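# What would the 3D arrangement of this be:
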Amino acid sequence: EQKIYTSKRVSARVHVKRTNTYSCLEIDFVMKVPKCLKNGKRSEELVELRVHEEVYLYTGVPRIDINLLVDNRALNHRLRVAFPTNLNVAYSAADSHYYVIKRAVTPPLGRGWKESPAVDHPMIYWVDVSDGFHGVMFATRGLPEYKLEPDGTLYLTLLRSVGVLLESDLSTRTGVTNLKIPTP
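Predicted structure coming up:
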């Protein structure tokens, strides 16, 4: 019964700042998200999640810098930013310890596996998506997790919070564990 909340229809305050060396969009908005997880479901009660975003374009520099400040008031949730690349991609490439790893967009079936195959992947500092002719690389100093959809949309995880580690009632993990570690 997962429900995804987005900022697509949220009104924002946008301010443009220009200098000789850069332009910056300052974007402020407030989203309403479920307060917490109760009995395996999202609560009906919503709380405000305030976001301040700064998007920088520097003269002569072929990249976009983004700074985000999030005032998180919710528990047990994940906050991601989506980048629709409009690229027809079959795999992603991400940095790892000592090498670059390629991961297919479509995960293996995982028949007989103890856990479902991962669709969210780790990276250290960057992930790259390309159709062989055009591509885009995302570098981050935040949480090193991403997901690439078959339509080329790349999701970067900004925040991931859980109330308990090793929870046994997850749809991605079968079996029961007696070890639950609270993470207040």
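# now the residue lying farthest from the centre of the chain: how far from residue 60?
Distance from the C-alpha centroid of the chain, by C-alpha atoms, centre = their mean, peaks at residue 20 (32.7 Å). Distance, residue 20 to residue 60, using C-beta to C-beta, to the nearest Å: 11 Å. Every residue, glycine included, has its C-beta placed from N, CA and C.
# Repeat that for residue 50.
Distance of residue 50 to residue 60, computed by C-beta to C-beta: 33 Å.
# try residue 74
From residue 74 to residue 60 the distance is 40 Å (C-beta to C-beta).
# The two: which has the busier surroundings?
Legend: neighbour count by other C-beta atoms under 10 Å for residue 74 and residue 60, higher for residue 74 (23 against 5).
# need the contact list for that one.
Each residue near residue 74 by C-beta atoms under 8 Å, 6 or more residues apart in numbering is listed here: 33, 34, 35, 36, 47, 49, 161.
# And residue 158, by the same measure?
Neighbouring residues of residue 158 by C-beta under 8 Å, 6+ apart: 68, 70, 79, 80, 81, 142, 143.
# Where does the prediction get shaky in this structure?
For the chain, residues meeting the criterion pLDDT under 70 lie at 1, 166-178.
# Mind doing that once more with 80?
1-2, 38-40, 142, 163-180, 184 (pLDDT under 80).
# before we move on, what SS does the residue most central in space within the chain have?
Closest to where the C-alpha atoms of the chain average out (C-alpha atoms, centre = their mean) is residue 157, at 2.4 Å. Following DSSP: H, G, I helix; E, B strand; the rest coil, residue 157 is assigned to strand.
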